[in-house]
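1. Everything below, folded, please.
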Amino acid sequence: MSNAESADLDPRLLEILVCPHSRGPLRYDREKQELVSEQAGLAYPIRDGVPVLLIDEARALGPDDQ
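-> Prediction:
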């Protein structure tokens, strides 16, 4: 894992980011390096420390993600 992948996401950034689908809040999953939208049921990847907030790039949450 690179330094960018192991670093935490800046909490100030997390406060202003919203899900592009639901416009709801996002939860940071450090282990999976994703931003999770519970409302939309989607998880957005974080690549090289940059959140990829594109609906086409998100994965649908499964029962194990709750």
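
2. what about residue 13, helix or strand, and which?
-> helix 11-16 (DSSP states H and E).

3. Direction included, what does the next helix or strand after that helix pair against?
-> Next in sequence after helix 11-16, counting helices and strands by DSSP H and E, comes strand 27-29. Here strand 27-29 has these sheet partners by DSSP bridges: strand 34-37 (antiparallel).

4. contacts for the partner strand?
-> Applying CB atoms under 8 Å, 6 or more residues apart in numbering, the contact partners of strand 34-37 are 9, 14, 17, 19, 21-22, 24-29, 42-46, 51, 53, 58, 61, 65. Yep, even glycine has a C-beta here, placed from its N, CA and C like the rest.

5. same deal with stretch 49-66?
-> 4-5, 7, 9, 13, 17, 19-21, 35-38, 40-46.

6. Make a ChimeraX selection of whichever of those residues turn out to be buried.
-> To isolate the buried ones among these in ChimeraX, judged by 16 or more other CB atoms under 10 Å, type:
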select :9,17,19,35,36,37,38,40,41,42,43,44,45,46
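
7. mind listing what's buried in stretch 55-66?
-> 58, 61.

8. Check the average confidence over that stretch, would you?
-> For stretch 55-66, mean pLDDT is 91.

9. Make sure residue 45 is indeed in a strand.
-> Yes: assessed with DSSP: H, G, I helix; E, B strand; the rest coil, residue 45 lies in a strand.

10. Quick check: pLDDT value at it.
-> Looking at residue 45, its pLDDT is 98.

11. Just confirm it contacts residue 29, I think it does.
-> No: contact between residue 45 and residue 29 fails when scored by CB atoms under 8 Å: they sit 10.3 Å apart.

12. beta partners for the residue positioned nearest the centre of the chain?
-> By CA atoms, centre = their mean, the chain has its centre lying nearest to residue 35, at 1.1 Å. Counting by DSSP bridges, residue 35 is bridged to residue 28, residue 44.

13. Below-threshold pLDDT in this protein: ranges please.
-> Where the chain drops to pLDDT under 70, the residues are 1-7, 66.

14. Now do the phi/psi pair for residue 49.
-> Backbone torsions of residue 49, given as degrees, to the nearest 10, read phi 80, psi 0.
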